[in-house]
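> Let me see the structure of the following:
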Amino acid sequence: MPDAWLTEYVKVFGGTCPLCRAPLWAEMPRCKRCGSELRVGLKVMEAYLVAWGMSLGAATLFAGFGLFLMLLVLRRLPRDTTEMVVVVSLCFMGVVMSLVTVALLVGRRRFCRLPRVAQWSVAVILIGLVFVAAVSFYATIR
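Sure thing, here's the model as predicted:
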């Protein structure tokens, strides 16, 4: 029954092999190019969205932090060169994180297809960057 349903679905909507990305035709349940067996299955996305949500939250927080710093810089220029370098670099990273936020929003499906280790690596790196930015800012204003 599932093979018949899958064959009918591919006839109507088409598709690609999940392993080799070759176009699928009605000859099922195997891919013609790589020979992998195709099956109907469901996958729960909530397990993959946790790392995406953490990454998005960290990138958004850092982007907002960078925009906040830009407003502060426009209001009052830093006093010395070291402070200026830290503030300008944090502002630049804020702009970069704004782009990362947009990329995470647009590429959610692609992010969720990454292996779990890669997803959590991205999340941990972004959270670490937010922590470093907060410590750098605190050291600058102190």
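> ok, and the closest non-adjacent residue to the residue positioned nearest the centre of the chain?
Nearest residue to the geometric centre of the chain (CA atoms, centre = their mean): Leu104, 3.9 Å. Sequence neighbours aside, Leu56 is the residue nearest to Leu104 in space, at 4.8 Å (criterion: CB to CB, 6 or more residues apart in numbering). From N, CA and C alone the C-beta is placed, and that goes for glycine too.
> How about Ala58?
Closest to Ala58 by CB to CB, 6+ apart is Leu126, at 3.8 Å.
> which other helices and strands contact the one helix or strand the one you found maps to?
Here Leu126, judged by DSSP states H and E, is contained in helix 116-141. Helix 116-141 sits against helix 46-75, helix 81-106, helix 108-113, with contacts defined as 3 or more CB pairs under 8 Å, 6 or more residues apart in numbering; DSSP states H and E.
> Let's see that with 7 Å instead.
helix 46-75, helix 81-106 (3 or more CB pairs under 7 Å, 6 or more residues apart in numbering; DSSP states H and E).
> Buried residues, the first one. List them.
What that stands for is helix 46-75. 48, 51-52, 54-63, 65-66, 69-70 (16 or more other CB atoms under 10 Å).
> Check the burial of Ser89 by counting its neighbours.
14 (other CB atoms under 10 Å).
> Just the pLDDT at it, thanks.
At Ser89, the model reports a pLDDT of 79.
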